[in-house]
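Colleague: I would like to see how this sequence folds:
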Amino acid sequence: MARVVVEGTDIVVRLSWLEKAAAHHRNVRVPVSALRRLHIEPDWWRALRGERDRGTCIPGQLCAGVRRLQEGQDFTLVRAGTPVLCVELRRSAPFSRLAISVPDPEVTMRTLRPLVPRDRLG
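Modeller: Next up is the predicted model:
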């Protein structure tokens, strides 16, 4: 399962080789300075926005890859039946949102929360 970690000044989504194949993408790296907001979406399918651009979707099971929206693109790796960590990013970032099913979204969120600008908490 994917992991979201902080490496220096970047937030990195580490993918397994199988997840990389499904998403048609390598590990995702965005600057910490692009972090805007965090939340956990309990219903995995509600974390999906836009249309699939690149990647794999297996209805009712998995959606992995880049999704195109009017205001940019999202990177998603969500699995059915699991809560999803949603990382909202500033316009300067390569993605508008990272929506990732991680083993323990609450723990990951606690790790990232101190990095959210104070005016964005709440």
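Colleague: bridging residues for L89?
Modeller: Beta bridges link L89 to L35, judged by DSSP bridges.
Colleague: isn't it right next to V32, touching?
Modeller: No. Between L89 and V32 there is no contact under Cβ atoms under 8 Å: 10.3 Å. (Each C-beta comes from the backbone N, C-alpha and C, glycine too.)
Colleague: pick out whichever of these two has more residues nearby.
Modeller: Neighbours were counted for L89 and for V32 using other Cβ atoms under 10 Å; L89 has more, 22 against 14.
Colleague: how close does the more buried one sit to G8?
Modeller: Using Cβ to Cβ, to the nearest Å, L89 is found at 17 Å from G8.
Colleague: got it, and E41?
Modeller: Counting by Cβ to Cβ, the separation of E41 from G8 is 28 Å.
Colleague: higher neighbour count, these two?
Modeller: E41 (17 against 7).
Colleague: residues contacting that one?
Modeller: By Cβ atoms under 8 Å, 6 or more residues apart in numbering, the residues touching E41 are 47, 83-84, 86, 99.
Colleague: go with 6 Å
Modeller: If you count contacts by Cβ atoms under 6 Å, 6 or more residues apart in numbering, E41 has them with 47, 84, 86.
Colleague: for A47, same thing?
Modeller: 41, 78, 84, 86, 99.
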